[in-house]
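Engineer: Sharing a model prediction with you, sequence too.
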Amino acid sequence: MNLRKRTWCLGLAGLMVVAAPATALAGSPEFARSAEEWAKLRDNVMEYGELEGLVQEYNITVQTNQLDLNDFRQKYGDTKDDVSQKYRDMAAEIYSSVDYPDSDDPMYGYMVSSVLMAEIQAKNLEKQADDNLEDSEIIRTNYEQAEKTLVTVAQNNMVSYQKGLLELRQLEIVRDQAQTALNSAQVKMEIGSATQVDVLNAQEALQTAQRNIESKKSANETLRQKLQVMLGWKYSDTPEIQDVPAADASRIDGMNPLTDREAALENNYTLKVNRKKLSNAGSANTVESLKKTIADNEQKIGSSLVTSYQNVLAAKLAYDQAAADLELETRNTRTMELQYQQGSVSRNEYESQQQLLENKQLAVKIADMNLFQTMETYDWAVAGLASAS
């Protein structure tokens, strides 16, 4: 088995860290997954379906959060009362360590200042104890939300990378068309049917097209590196990045923001946290404030779900339009092919039509990816990531 070399990643930003090549440790123990699952995660192939597993096992933010959660539970306990008591214990420890100076001590002013600072710190800890709403469940829920958000970032980056490759080809077609136009302008200038200005304009168009290609190549490479690093590869590695799945339009039939709202509310991570805070709240003001926040969350989640669904429908319309444009261009190409065989159109005209057809084919693929992406976003909204604020 060809094990890929992994390195740590740095969260959402996907910052690149140069490290000595080493097989990075997974976040879960070996027994947590089957041998087949580990083999897929550890090979040098990046598949869309394994992105969630890669984030869970090799993303440094996810691993750090798990360590922080374990540390929190060890230091503060699990319940809200455990956490509050820890703050009070810390405050009591500070009070017990305060040594009040004698007024005739040469360092009296400095020592009094230190005592006052210690007392302020202790009082702040006591206030934290009184105001505390957090427990280990809230911390865990926040970290789980962060993990799922990272998965969506990885998925979106992979789709964007694949779209970027298609968009690069579109730009190459534009460059080829610009080159053809420049050649034509130069020939026309030689026979007096075009001016030097026409040639210069064509040259500028070609240069612009080439700059756009280089810019897209650079953007694609940056995106590839970020995607790799957040999933455990080094930025300089060259894993095989497989195509994202084709959009299955039948999924839309199972989407309904009205009936899916209940699941979206039940699964939403922000709402889970705020509901847990409400159960931990003691003061009437805090309870009332959290109730208002939760009511607002519920409204925002419902609205977010509707927006996500509308985005799916818009993407489907865009795909249908792209498919219709391709069908029309395919018919035009068949007609021109017959004309080219009969000698009624030039080779340049025929090749230009072939470029138009390829561009429409690329547009359909890009529209398909956009549709797939919006459907994934909707599903994540139902699964707990709908915007609640």
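Structural biologist: Right, received. Where do you want to start?
Engineer: Tell me where the stretch 201-350 of the chain has helices.
Structural biologist: Here the stretch 201-350 of the chain has its helices, by DSSP state H, counting those that start in this stretch, at 261-267, 269-280, 284-342, 347-380.
Engineer: Run through the neighbouring helices and strands of the last one.
Structural biologist: For helix 347-380, the contact count by 3 or more C-beta pairs under 8 Å, 6 or more residues apart in numbering; DSSP states H and E identifies helix 136-190, helix 284-342 as packing neighbours. In short, each C-beta sits where N, CA and C put it, glycine included.
Engineer: most tightly surrounded among those helices?
Structural biologist: Burial of the helices and strands packed on helix 347-380 is given as mean neighbour count (mean count of other C-beta atoms under 10 Å); helix 136-190 ranks first at a mean of 18.
Engineer: Chain neighbours aside, what residue packs nearest to residue 280?
Structural biologist: Closest residue in space to residue 280, ignoring its immediate chain neighbours: residue 80 at 4.2 Å, by C-beta to C-beta, 6 or more residues apart in numbering.
Engineer: okay if I get the helices and strands packed on helix 347-380 as a markdown table plus distance to residue 239 and mean pLDDT?
Structural biologist: Below are the helices and strands packed on helix 347-380 laid out as a markdown table (distance: least, C-beta to C-beta, whole Å; pLDDT from 0 to 100):
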| stretch | distance to residue 239 | mean pLDDT |
| --- | --- | --- |
| helix 136-190 | 11 | 97 |
| helix 284-342 | 28 | 97 |
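Engineer: between those helices, which gets nearest to residue 383?
Structural biologist: Judged by C-beta to C-beta, the one of the helices and strands packed on helix 347-380 that comes nearest to residue 383 is helix 136-190, at 7.4 Å.
Engineer: The closest one versus helix 347-380: what angle between them?
Structural biologist: 170 degrees (axes from the mean of the first three to the mean of the last three C-alpha atoms, to 10 degrees).
Engineer: helices and strands around helix 136-190, which ones?
Structural biologist: Using 3+ C-beta pairs under 8 Å, 6+ apart, helix 136-190 sits against helix 51-58, helix 60-76, helix 196-230, strand 240-241, helix 269-280, helix 347-380.
Engineer: Pick the most buried one from the ones you listed.
Structural biologist: helix 51-58 (a mean of 22).
Engineer: Run the chain-centre distance for it.
Structural biologist: Its chain's C-alpha centre and that of helix 51-58 lie 13 Å apart, by C-alpha atoms, centre = their mean, to the nearest Å.
Engineer: Pull the residues that contact that helix.
Structural biologist: Residues outside helix 51-58 that contact it (C-beta atoms under 8 Å, 6 or more residues apart in numbering): 6, 9, 24, 26-28, 33, 37, 40-41, 46, 62, 147, 150-151, 154-155, 158, 230-232.
Engineer: again, only this time at 6 Å
Structural biologist: The contact list for helix 51-58, computed with C-beta atoms under 6 Å, 6 or more residues apart in numbering, reads 6, 24, 26, 27, 41, 150, 151, 154, 155, 231, 232.
Engineer: just stretch 264-271 next, same as before
Structural biologist: So stretch 264-271 is in contact with 141, 145, 297, 298, 301, 305, 381, 382, 383, 384, 386, 388, going by C-beta under 6 Å, 6+ apart.
Engineer: so which pair among the residues you listed is furthest apart in space?
Structural biologist: Maximum pairwise distance among these (C-beta to C-beta): 19.8 Å, between 141 and 305.
Engineer: coming back round to it: I'd like the helices and strands packed on helix 136-190 as TSV, with distance to residue 333 and mean pLDDT appended.
Structural biologist: Shown next, in TSV, are the helices and strands packed on helix 136-190 (distance: least, C-beta to C-beta, whole Å; pLDDT from 0 to 100):
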stretch	distance to residue 333	mean pLDDT
helix 51-58	37	96
helix 60-76	49	95
helix 196-230	23	97
strand 240-241	31	96
helix 269-280	50	98
helix 347-380	5	97
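Engineer: Dump the helices and strands packed on helix 347-380 into TSV; add distance to residue 250 as well.
Structural biologist: As requested, these are exported to TSV (distance: least, C-beta to C-beta, whole Å):
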stretch	distance to residue 250
helix 136-190	19
helix 284-342	11
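Engineer: Between these, which one is closest to residue 368.
Structural biologist: helix 284-342 (6.0 Å).
Engineer: Give me the angle between that closest one and helix 347-380.
Structural biologist: Using the same axes, to 10 degrees: helix 284-342 against helix 347-380 is 160 degrees.
Engineer: Look up the closest residue to residue 237, ignoring the ones flanking it.
Structural biologist: Closest residue to residue 237 apart from its sequence neighbours, by C-beta to C-beta, 6+ apart: residue 228 at 5.9 Å.
Engineer: do residue 134 as well
Structural biologist: residue 83 (5.9 Å).
Engineer: For that neighbour, give its distance to residue 142.
Structural biologist: Distance, residue 83 to residue 142, using C-beta to C-beta, to the nearest Å: 14 Å.
Engineer: And for residue 31?
Structural biologist: 27 Å.
Engineer: Next: residue 41.
Structural biologist: 25 Å.
Engineer: And residue 112, by the same measure?
Structural biologist: Distance from residue 112 to residue 142, by C-beta to C-beta: 40 Å.
Engineer: about what we covered before: and the contacts of helix 51-58, which two are furthest apart?
Structural biologist: So for the contacts of helix 51-58, where distance means C-beta to C-beta, the most widely separated pair is 24 and 155, at 21.0 Å.
Engineer: Give me the residues contacting whichever strand or helix holds residue 122.
Structural biologist: Using DSSP states H and E, residue 122 sits within helix 108-131. With C-beta under 6 Å, 6+ apart as the test, helix 108-131 has contacts from 84, 87, 88, 90, 91, 94, 95, 98, 101.
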